[in-house]
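Undergrad: Fold the stuff below for me.
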Amino acid sequence: MLLRRDAKSFVLGPLRSMLKIVARYAKNPLSQGTPTGRDFSVVSDESSESEEDEDDDSQANDVQTDETEQLIRAVAKITDLLRKCWGVAGADIISTNLASRETALAEVFNPTVPGKSVYALFGFVAINGFDHCLRCLGGDVMILINDVAAVLHREVYRWGFEDSGQCNKNLGEAFLMVFRIGLVKEVLEKLEEATKVVFSTSEAKKLTVKKRRSSSRRDGSFEGVQKLRRMSKIKKLKTHDAMAEAMQLSLKSLPGIATFTDRAVIGMLKSFAGIHRDKKLMTYSRDFRLSAGVGAFSVNMVFGMDAGWAVEGAVGSEYKIDATYLSPHVNMASRMMSACKHYGVTILLSEAVQELMSDVAKSKLRNVDRVTVKGSTWVQKIYTFDAKHKGADFFLFNRSDEAADMDAERYVSSIWNTDQDLKAMRHHITDDFISEFNAGMKFYLQGDWPEAIAKLEHANDIIVDAALEEGYLHDETDVSPDRTEIKREFSDGPTVYLINFMKSKGGVAPPNWNGWHPLLSK
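TA: This next block holds a predicted model:
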């Protein structure tokens, strides 16, 4: 009896606990809060007999229990580490290799798991001046990266709709953030089900074909739904043609996509605000290694976003595997991020992202150009949310984690007008400036470049005057700043870029000007 009890307590019980952890992780590799050994502690049928054990036996049992619990905790930590390292993109490969096959775990590790097509919003984020940080900080640059990641990951996870926000990978100075909408197949099936419910009423009223066609012309989403109905007949997207058509689905037809996209963009903007009020990151402005010879230094970041489909999965071999996303939309997000440096802005959104946002959010964006990017022939408008940290004291608007979580959970579109962080980072933008800039953009796209240059130069003067009036420049220099120097440092980035671009062409639009130009740099 004693041997059977000991076998259950010290051998069979711990083994069952470890198998439960592995089985649960195989079922859902992204599950949070892996249990500890005590959560799966085994109580034997002979528990009443344990009361009669002597003290020395009890002490020996405690030692054995601690050892088995440490082993269980080790298994739990390993599975948790896999989840954090591979994330959503590596979930299938984890599940496939841990899942049982004919009541036995897979004996051989198989990294070649097929990828899956997904819809998502992709965001690339980079640390400004990273090469300078790397040269000056050396090994301490890892601390800087992790301090930035702590802020970025927290806000992305918080504002991603229903835990959709994930950090996929870190590329040194850059992070790839993914707001996963869902698998292509699952999204289309759910949309088809919703379509049947929505249009069942109209079918019951026996609408004529002519009226249905008229309705489809008035509602663009109905046309997308009709396309889905045709696709569902082709063996649920198993053929190449059906999948290719699925990739052309307009995400605007998805219910709730405006809220999903708004929250994703806010997650990026909240990261920007968080970086400029994080106490650890603020200490780098006083680090002599970073400021020596270059003046005051502050940690800053740029953001680029795009939306569309991607293949989600693991790339590599049995020696090394990277869980990633492969898509032209991932590349487009990277191009948007890189273009921030040319336009002198904090964030750039592709036209695909702007189209998915709510009307209130769109009203806060500014169209800064119409371009093609390297590696793409698609002509698109690009947008920015004007965000500056100079003159914005984000410490005044700091909120507890509980309050910030509540803001995200109870999101309403009016937050774009009421949130203190979003208002503070746009403090330098005035209605007069927007009016003049938009007028200049109109002339620029139409090809009337002399008039465009005049309007844009006036718009830039408004920005510079606003910076001087706010007074925070005096606080930094302690002397009255020279207007020429201020104009060089604090001019509006997109305005200066467009003026310089037009002047580089002689200030007159070329004969073949069609209202767009290519961005040649990556």
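
Undergrad: does residue 313 sit in a helix or strand, and which one?
TA: Per DSSP states H and E, residue 313 falls inside strand 301-316.

Undergrad: ugh, wrong one, I meant residue 454
TA: Counting by DSSP H and E, residue 454 is part of helix 449-470.

Undergrad: same check, this time on residue 126
TA: Going by DSSP H and E, residue 126 is part of strand 116-127.

Undergrad: so what does that strand touch, helix or strand wise?
TA: If you count contacts as 3 or more C-beta pairs under 8 Å, 6 or more residues apart in numbering; DSSP states H and E, strand 116-127 packs onto helix 141-159, strand 174-183, helix 184-204, helix 257-275, strand 301-316, strand 321-326, helix 328-343. Backbone N, C-alpha and C define where each C-beta goes, glycine included.

Undergrad: and residue 515, how many residues sit next to it?
TA: 11 (other C-beta atoms under 10 Å).

Undergrad: Quick one: residues contacting it.
TA: Counting by C-beta atoms under 8 Å, 6 or more residues apart in numbering, residue 515 touches 370, 445, 446, 447.

Undergrad: looking at this, it is in a strand?
TA: No. If the criterion is DSSP: H, G, I helix; E, B strand; the rest coil, then residue 515 is coil and not within a strand.

Undergrad: So which of the contacts of residue 515 belong to strands?
TA: Counting by DSSP state E, the part of the contacts of residue 515 found in strands is residue 370.

Undergrad: Which of the contacts of residue 515 are buried, as a ChimeraX select command?
TA: Of the contacts of residue 515, the buried ones go into a single ChimeraX selection, burial set by 16 or more other C-beta atoms under 10 Å:
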select :370,445
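
Undergrad: can you tell me the average pLDDT over stretch 146-161?
TA: Average pLDDT, stretch 146-161: 93.

Undergrad: Please name the spatially closest residue to residue 356 (chain neighbours excluded).
TA: The shortest distance from residue 356 to any non-neighbouring residue, by C-beta to C-beta, 6 or more residues apart in numbering, is to residue 261 (4.1 Å).

Undergrad: Residue 518 now?
TA: Distances taken as C-beta to C-beta, 6+ apart put residue 372 closest to residue 518, at 4.8 Å, once the chain neighbours are dropped.

Undergrad: quick one: low-confidence ranges for the stretch 201-350 of the chain?
TA: 201-247, 293-295 (pLDDT under 70).

Undergrad: Residue 164: neighbour count?
TA: Here the number of neighbours of residue 164 (other C-beta under 10 Å) works out to 21.

Undergrad: any idea how far residue 277 is from residue 393?
TA: Going from residue 277 to residue 393 by C-beta to C-beta, to the nearest Å gives 8 Å.

Undergrad: ok, the two, which is more surrounded?
TA: residue 277 (18 against 13).

Undergrad: can you tell me the helix or strand for that one?
TA: Following DSSP H and E, one finds residue 277 outside all helices and strands.

Undergrad: Please name the nearest non-neighbouring residue to it.
TA: Per C-beta to C-beta, 6+ apart, closest to residue 277 is residue 394, 4.0 Å.

Undergrad: gap between the one you found and residue 463?
TA: Counting by C-beta to C-beta, the gap from residue 394 to residue 463 is 21 Å.

Undergrad: Pick out whichever of those two has more residues nearby.
TA: residue 463 (23 against 18).

Undergrad: mind checking how far the more buried one is from residue 273?
TA: Relative to residue 273, and taking C-beta to C-beta, residue 463 is found at 21 Å.

Undergrad: right, and the residue nearest to residue 518 touches residue 382 too?
TA: No. Assessed by C-beta atoms under 8 Å, residue 372 is found out of contact with residue 382, at 10.4 Å.

Undergrad: Which residue of the two possesses the greater neighbour count?
TA: residue 382 (26 against 16).

Undergrad: For the host helix or strand of residue 439, which residues meet the burial criterion?
TA: In this structure, residue 439 is located in helix 431-446 according to DSSP H and E. Neighbour-count burial for helix 431-446, with 16+ other C-beta under 10 Å as criterion, is recorded at 433, 436, 437, 439, 440, 441, 443, 444, 445.

Undergrad: Please report how far the fifth one lies from residue 506.
TA: Pointing back at residue 440 there. Taking C-beta to C-beta, one finds residue 440 at 18 Å from residue 506.

Undergrad: Tell me how many other residues crowd residue 127.
TA: Residue 127 has 23 neighbours, counted by other C-beta under 10 Å.

Undergrad: can you pull up the bridge partners for it?
TA: Residue 127 has the following beta-bridge partners by DSSP bridges: residue 301.

Undergrad: correct me, but it touches residue 173?
TA: Yes. Between residue 127 and residue 173 there is a contact at 4.8 Å, judged by C-beta under 8 Å.

Undergrad: ok, the residue nearest to residue 356 - contacts?
TA: Neighbours of residue 261 in contact, by C-beta under 8 Å, 6+ apart: 121, 307, 353, 356, 357, 358, 361.

Undergrad: Next, the fifth one: phi, psi?
TA: If I follow you right, that is residue 357. With angles defined as degrees, to the nearest 10, residue 357 sits at phi -80, psi 160.

Undergrad: That one: what's it in contact with?
TA: Shown in contact with residue 357 (C-beta under 8 Å, 6+ apart): 258, 261, 262, 265, 365.

Undergrad: out of those, which is most surrounded?
TA: In terms of neighbours by other C-beta under 10 Å, the contacts of residue 357 top out with residue 261 at 28 neighbours.
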